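Peer 1: predicted model and sequence follow; I will ask about them next.
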Amino acid sequence: MLTIAFACRAVVTFSLDLPWASGDTRAYLDMATNILAGTPRAYLPNGYPLFIAGMRAVLGEALLIPALQIVNVLASTATVGVIAVLGRRIAGERIGVFAALGVALYPNQINAVRYLLTESITGFLLVIGMLLFLVPRRLLSVAAFYVVTLFDLRIHSCCPFW
């Protein structure tokens, strides 16, 4: 299952000649540049730009985009694995496999991974936060949910426990 998920995401991200940027991508990259210049501006949540700034500082400009794409592919693939575990824990083996297969092959999930946006990382953080809550590793769960809100403030509107 994870091999299929990884392969689909890697092909869409690296093998097809599809764009990796949107208007928000440019805004995140500009915010990261401003953070590194010491003149931060906040017109989107700061979590992803801080992440980009850290990656840029460590890897340099030349490796930044491919590294962010790799992070997206890995986060999106890991989301499939976590959903399989969540499904198994909540409803049994078959449901876990069915849920993971659905996410692994869902076209929107595969297509979104190529864009340098918050969706892949926040999706992973949300499901890992849920799993950590069930395990229970409540402090780590809260930390995952906290980081999600740093990346994407819209999460507040979709999570009833916030």
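Peer 2: Alright, I've got the coordinates.

Peer 1: could you find the closest non-adjacent residue to Phe145?
Peer 2: Excluding the flanking residues, the one nearest Phe145 by CB to CB, 6 or more residues apart in numbering is Gly129, at 4.6 Å. Just so you know, the C-beta spots here come from the backbone N, C-alpha and C atoms, and that holds for glycine as well.

Peer 1: now the helix or strand where that neighbour lies: average pLDDT?
Peer 2: Using DSSP states H and E, Gly129 sits within helix 119-134. What helix 119-134 shows for mean pLDDT is 95.

Peer 1: now the helix or strand following that helix: buried residues?
Peer 2: Using DSSP H and E, the helix or strand that follows helix 119-134 in sequence is helix 138-151. Applying a neighbour-count criterion of 16 or more other CB atoms under 10 Å, one finds 141, 144-145, 147-151 buried in helix 138-151.

Peer 1: for the record, mean pLDDT for the helix ranked longest in the chain?
Peer 2: Using DSSP state H to assign secondary structure, the helix with the most residues in the chain is helix 61-91. For helix 61-91, mean pLDDT rounds to 97.

Peer 1: what's whichever helix or strand comes after it packed up against?
Peer 2: Once helix 61-91 ends, the next helix or strand along the chain (criterion: DSSP H and E) is helix 93-105. In terms of contacts (3 or more CB pairs under 8 Å, 6 or more residues apart in numbering; DSSP states H and E), helix 93-105 is packed against helix 2-10, helix 61-91.
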